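S.K.: Structure of the sequence below:
(one chain, ligands or ions: 1)
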Amino acid sequence: SSKGYSYETLVETANFLLSRTSVRPRIGVICGSGMGSYWKEGSLAENITDPECIPYEEIPNFPVSTVEGHHGRLVFGKLEGVPVVAMQGRFHYYEGYPLWKCCLPVRVMKLIGVQTLIATNAAGGLNPNYKVGDLMIVRDHINMMGFAGNNPLHGPNDERFGPRFPPMNKAYNLEYRKIAKEVAKEQGIDNIVREGVYTCLGGPNFETVAELNMLKMVGVDAVGMSTVHEVIIARHCDMKVFGLSLITNECVTSYDHDSEANHEEVLDVGRMRQDTLRQYVSRLVQRFASSDDAS
Ligand SMILES: Nc1nc2ncn(CCNC(CO)CO)c2c(=O)[nH]1
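M.R.: Now for the predicted structure:
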């Protein structure tokens with residue numbers, strides 16, 4: 001139905017997970033391209049100690065990933081001593097899932113006690129200063145799909161998740177973004193770490209030159225096909241949020257280029273950056289958790 005699953009249905013899914021693992025994660029990580037969504041070896045999940053993996057097809061009410069190579073599984077365990085759950089393989093609107101179904105794992109994370117969402121993705125770099133291989137801390141997003149009314153919160157609201165009209169002006173936690181810049185310096189990657197505005201298009205096609213020029217005019221720094229709806233659902237149920245984009249190609253905003261964006265280069269850049277990303281996100285998990293403990 002277009003109205004999504006009921007609270008009770010998602011509690012069923014949460015109870016299934018709570019019965020399958022003794023891990024009680026406080027941070028949930030959505031692994032985008034380059035973070036293990038396309039291959040297991042070298043991905044973030046490799047850093048998870050005592051991993052307990054549950055394939056999506058075993059989880060009641062979960063969709064299954066259909067994107068080539070997206071390994072659909074939840075990985076429970078500890079990252080730098082912090083109990084986490086990692087989503088290896090996410091659900092995209094372009095696969096045919098309604099937005100509420102793409103975001104279902106976020107509500108389930110909330111129901112098993114997750115308080116912080118780290119959403120990573122691959123994105124095209126629109127800001128001319130960005131280089132392929134850069135990492136962009138998401139400062140804010142533009143919900144382009146929402147402008148057309150396509151919103152994961154569309155339909156009746158269930159107050160047990162959150163309010164009918166949730167604010168979105170502080171979606172990307174300021175303290176986390178400060179920590180992320182400090183950790184970038186400590187890790188010696190501050191030269192490739194940016195901060196900017198992300199937008200999500202429905203896909204699956206990449207953008208036209210005219211669309212990219214329009215997005216650039218309205219202040220978009222990176223464009224992708226995910227994350228925005230997951231963040232809206234996370235903020236609706238009062239999770240803290242951090243977003244991180246891996247810039248996998250430079251968006252072409254002139255007509256005299258014939259290079260075309262393609263999925264293969266997205267995967268290649270993901271492989272190139274996977275160790276840096278694994279180390280960075282693992283450190284962020286640790287520092288976000290200790291910052292939350294201190295606050
Ligand atoms: N120009 C541009 N470059 C990008 N690199 C990664 N993505 C995110 C979409 N990734 C898809 C296709 O690789 C798989 O989910 C994009 C995008 O949407 N646009």
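
S.K.: Which residue does the stretch 101-250 of the chain have closest to the ligand?
M.R.: Using CB to the nearest ligand atom, the closest approach of the stretch 101-250 of the chain to the ligand is made by G124 at 2.5 Å. C-beta here means a position set from N, CA and C on the backbone, and glycine is covered the same way.

S.K.: Distance of the closest residue to that residue other than its chain neighbours relative to V23?
M.R.: Leaving aside its sequence neighbours, G124 sits nearest to C251 (CB to CB, 6 or more residues apart in numbering; 4.3 Å). C251 sits at a distance of 39 Å from V23 (criterion: CB to CB, to the nearest Å).

S.K.: For P83, list each beta-bridge partner.
M.R.: On the basis of DSSP bridges, P83 is bridged to K78.

S.K.: how about the strands of the stretch 151-295 of the chain, start to end?
M.R.: Assigned by DSSP state E, counting those that start in this stretch, the stretch 151-295 of the chain shows strands spanning 193-200, 222-224, 240-250.

S.K.: Only the buried residues of the longest one, if you could.
M.R.: To tie it back to what came earlier, the one meant is strand 240-250. 240-250 (16 or more other CB atoms under 10 Å).

S.K.: what lines up beside that strand in the sheet?
M.R.: Sheet partners assigned to strand 240-250 using DSSP bridges are listed as strand 116-125 (parallel), strand 135-142 (antiparallel).

S.K.: what mean pLDDT does the shortest one have?
M.R.: Computed over strand 135-142, the mean pLDDT rounds to 98.

S.K.: Can you pull out the residues in contact with it?
M.R.: By CB atoms under 8 Å, 6 or more residues apart in numbering, the surrounding residues in contact with strand 135-142 are 119, 123, 125, 130, 171-172, 177, 180-181, 184, 189, 192-200, 218-222, 227-228, 231, 242-247, 273, 276-277, 280.

S.K.: And stretch 191-198, by the same measure?
M.R.: With contact meaning CB under 8 Å, 6+ apart, stretch 191-198 is reached by 121, 123, 127, 129-131, 133-142, 177, 180-181, 184, 219-224, 227-228, 243, 245, 247, 276.

S.K.: Now the element after the helix or strand encompassing F16, going C-ward?
M.R.: Using DSSP states H and E, the element containing F16 is helix 7-20. Scanning forward in sequence from helix 7-20 by DSSP H and E, the next helix or strand is strand 27-31.
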